[in-house]
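A.B. asks: What shape does this take:
(one chain, ligands or ions: 1)
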Amino acid sequence: MGILKVRVYGDEVLRQKAKEITKISKKIHTLAENMLMTLYAYNGVGLAAPQVGESIRLFIIDVTEANQPKHPIIFINPKIIKKSGAINSYEGCLSFPEVYTDVRRYKNVTVKALNLSGKPFVIEAKDGELLAIAIQHEFDHLNGKLFVDHARNRFETDEKLISNNLNPIDMDYFLEEPELEEEISQEPPKQDE
Ligand code: ZN
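C.D. replies: Numbering: from 1, shown residues only. As a prediction, this is how the structure comes out:
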């Protein structure tokens, strides 16, 4: 077991479409364990296999707070089977050190996946809760999409990327998402913001 090296934006593995897992082998179990160690070492919420250089359809999420007992969820060959609503999400990514920006996300998602025993499960995450956001963020990684592709303010995000010595947004991958943007911009700002 060990902490894995996290690939940084610019590494081409982050833009590849990851392959389906056909057998949940010992190697997959070890990878998942090492990914969890890596996630906790970096205090992250989620980590996808391509971020550690493995272009396969596996990601892990743990949304529990730092002082709570850990509750990791491992997703193998996930599919998002339902999505609705739209919400602003202020996000970062372990592959983008120090960069945080506002992105568009669905508010509610339902995901179906296999666990490490190969058993299917379904999770419904609602109201823009952290789990709903994390599922979309990590699922994107399996399709070579990155959170900055959903940036609401492209110019501001570019400034943040460049000031952290990362490449600006790649317009070949940038997503305009006018329907999501319209719904988000109509939401009244939250009281606590
Ligand atoms: Zn990420």
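A.B. asks: Quick one: the helices in the chain, in order.
C.D. replies: For the chain, applying DSSP state H gives helices covering 26-41, 130-142, 154-163, 178-186.
A.B. asks: Need the contact partners of the third one.
C.D. replies: It stands for helix 154-163. 9, 96, 99, 100, 101, 148, 151, 167, 168, 169, 174 (CB atoms under 8 Å, 6 or more residues apart in numbering). Glycine gets a C-beta too; all of them are placed from N, C-alpha and C.
A.B. asks: Now the buried members of these.
C.D. replies: With neighbours counted by 16 or more other CB atoms under 10 Å, those contain buried members at 9, 96, 99, 101, 148, 151, 169.
A.B. asks: For those, give me a markdown table that also has pLDDT and distance to residue 56.
C.D. replies: Below are those laid out as a markdown table (pLDDT from 0 to 100; distance: CB to CB, whole Å):
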| residue | pLDDT | distance to residue 56 |
| --- | --- | --- |
| 9 | 98 | 20 |
| 96 | 98 | 21 |
| 99 | 98 | 25 |
| 101 | 98 | 28 |
| 148 | 98 | 23 |
| 151 | 98 | 27 |
| 169 | 96 | 26 |
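A.B. asks: and which of those residues is nearest residue 37?
C.D. replies: The shortest approach to residue 37 among the buried ones among the contacts of helix 154-163 belongs to residue 96, at 20.7 Å (CB to CB).
A.B. asks: List the residues that contact the closest one.
C.D. replies: Applying CB under 8 Å, 6+ apart, the residues near residue 96 are 8, 9, 146, 147, 148, 161, 164, 166.
A.B. asks: and which of the residues you listed is nearest to residue 72?
C.D. replies: Closest to residue 72, out of all of those and judged by CB to CB, is residue 147, at 20.8 Å.
A.B. asks: count of neighbours near that closest one?
C.D. replies: Residue 147: 25 surrounding residues under other CB atoms under 10 Å.
A.B. asks: In contact with it, which residues?
C.D. replies: 91, 92, 93, 96, 101, 103, 137, 140.
A.B. asks: returning to that earlier point: closest one of the buried ones among the contacts of helix 154-163 to residue 43?
C.D. replies: Among those, residue 96 lies closest to residue 43 (CB to CB), at 14.8 Å.
A.B. asks: Isn't residue 126 up against residue 87?
C.D. replies: No: the criterion here is CB atoms under 8 Å, and residue 126 misses it with residue 87 at 10.7 Å.
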